[in-house]
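Asker: fold the stuff below for me.
(4 chains)
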Protein chains: 2
Amino acid sequence: MYSGQGFSLIGEKGRFVLPPDFRKAVRDSGQGERVLCLAKHPRWKCLTGFGLSRVEEFESELNREEGIALERGLDFDRDLRAQQLYGFARVPFDDSGRFVLPERFFKLGALSDAVFFQGGGKMFTIWNPAELAKMGNGWEDAQETCADLAAQAQSGKARK
Amino acid sequence: MYSGQGFSLIGEKGRFVLPPDFRKAVRDSGQGERVLCLAKHPRWKCLTGFGLSRVEEFESELNREEGIALERGLDFDRDLRAQQLYGFARVPFDDSGRFVLPERFFKLGALSDAVFFQGGGKMFTIWNPAELAKMGNGWEDAQETCADLAAQAQSGKARK
DNA sequence: ATATTTACCATGTTATCCCGTGATTTCCCG
DNA sequence: CGGGAAATCACGGGATAACATGGTAAATAT
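Answerer: Below is the predicted model:
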């Protein structure tokens, strides 16, 4: 279960750091394997992240949706929905949580060189602070926290 | 389990490259044998790919589809569907994932000299980017990713 | 016998993974 | 509440394995 927030600047080799709390949760979710699953968020301009164990829920999720569609007499394209669910990429990260974001995800999530992590239960979201700032009602907390963490990270950099 | 995306241009000897993630999954699915199973997708203008172990699921797949058709009051020709499922071709690939696509699959999948791979759980699909671009609602992410990967592949080629 | 295809090998290059070091935080006990 | 020890974490660098690519030999077919 993913909660809390985090922030990371891109490092020398183009790596971001998965914040400790998320790191541990993702590790546990993958039987100790350090693999982060990444996908584009279906509605927002950001990415979603989760651990491998979430994938086990996909088949039952497909069955559930198929059942609902049947009851209501609606169309359901199982193959299409499967491709959406399984479209995530598997990205390995090291002991200190560093991972290289595949190039295409920079575009998909409108990311540049600083990212904000926001816990969301079964998954968490990964934001470009600028995109997060554009969101409207209900986002005040996240926006404020993001600004704080960003300021901290910048000052930490400057201190050297 | 097949997830993520991939892209390949046709090489000098008319070979495509099965992307690393899919390559490993297909290998594991076939007890280490490097054999890619290929068939036409029953409804879309693309191919489906999978490893040999998928065949064990065909009977339960037939049962599932038959059940859904029954509930909906639709016709279901089990023998026909069985021939589609079991009609796949076995295509060997080498250590670096290269394989020659049999001629008939170029027609069946409307493929030319660049292909896009899309993970879909129990199988993955293989697309001509132009055909993928014609698909409608729900395909936006795949289309965007395909365009990105295509651009990358082209620039990688140009850099030399 | 020759041309064509297929499978395998061998090389250079890139990216991935892992270790060591220093800094920071946390926690516990004084 | 303050100080100190231990664990956790950040960061840089380097060894290693994975990958892409071109070539070569064998097998098949014509």
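Asker: C-alpha from now on. contacts and neighbour counts both.
Answerer: Fine.
Asker: verify the stated contact: A:Lys40 with A:Ala110.
Answerer: No: judged on Cα atoms under 8 Å, A:Lys40 makes no contact with A:Ala110 at a distance of 10.2 Å.
Asker: more neighbours, those two?
Answerer: Between A:Lys40 and A:Ala110, A:Lys40 has the larger neighbour count (other Cα atoms under 10 Å in any protein chain shown), namely 22 against 16.
Asker: now the more buried one. Nearest residue, chain neighbours left out?
Answerer: A:Leu47 (4.4 Å; Cα to Cα, 6 or more residues apart in numbering or on different chains).
Asker: touching, the one you found and A:Glu131? I think so.
Answerer: No: counting by Cα under 8 Å, A:Leu47 does not reach A:Glu131; the two are 11.4 Å apart.
Asker: how about the residues of chain A by chain B?
Answerer: A:40, A:70, A:73, A:79-80, A:82-90, A:104, A:108 (Cα under 8 Å from any Cα of the partner chain).
Asker: out of A:Leu47 and A:Glu131, which sits in the busier spot?
Answerer: A:Leu47 (22 against 15).
Asker: can you pull up the bridge partners for that one?
Answerer: Counting by DSSP bridges, A:Leu47 is bridged to A:Lys40, A:Ile126.
Asker: which pLDDT value goes with the residue of chain A found nearest DNA strand C?
Answerer: With Cα to the nearest atom of the strand, the shortest gap between chain A and DNA strand C falls at A:Pro92, namely 4.6 Å. On pLDDT, A:Pro92 comes in at 96.
Asker: got a list of what the closest residue to it other than its chain neighbours touches?
Answerer: Leaving out its chain neighbours, the residue that sits closest to A:Pro92 by Cα to Cα, 6+ apart is A:Val35, at 4.4 Å. By Cα atoms under 8 Å, 6 or more residues apart in numbering or on different chains, the contact set of A:Val35 is A:26-27, A:51-52, A:90-93.
Asker: picking up where we left off before, what is in contact with A:Lys40 and A:Ala110 at once?
Answerer: Counting by Cα under 8 Å, 6+ apart, the residues touching both A:Lys40 and A:Ala110 are A:Cys46.
Asker: what residues sit buried inside the helix or strand of chain A at the bottom of the mean pLDDT ranking?
Answerer: Here the helix or strand of chain A ranked lowest by mean pLDDT, DSSP states H and E is helix A:140-158, holding a mean of 84. By 16 or more other Cα atoms under 10 Å in any protein chain shown, the buried positions in helix A:140-158 come out as A:142-143, A:145-147, A:149-150.
Asker: what's near enough to touch A:Leu9?
Answerer: A:16-17, A:113-115, A:153.
Asker: now with 7 Å?
Answerer: A:16, A:113-115 (Cα atoms under 7 Å, 6 or more residues apart in numbering or on different chains).
Asker: how about A:Arg81?
Answerer: Contacts of A:Arg81 (Cα under 7 Å, 6+ apart): none.
Asker: from B:Asp79, how far off is it?
Answerer: 26 Å (Cα to Cα, to the nearest Å).
Asker: over to A:Phe16?
Answerer: As for A:Phe16, its distance to B:Asp79 is 52 Å (criterion: Cα to Cα).
Asker: tell me the phi and psi of the closest residue to DNA strand D within chain A?
Answerer: As assessed by Cα to the nearest atom of the strand, DNA strand D sits closest to A:Pro20 within chain A, at 4.5 Å. Main-chain torsions, A:Pro20, degrees, to the nearest 10: phi -50, psi -50.
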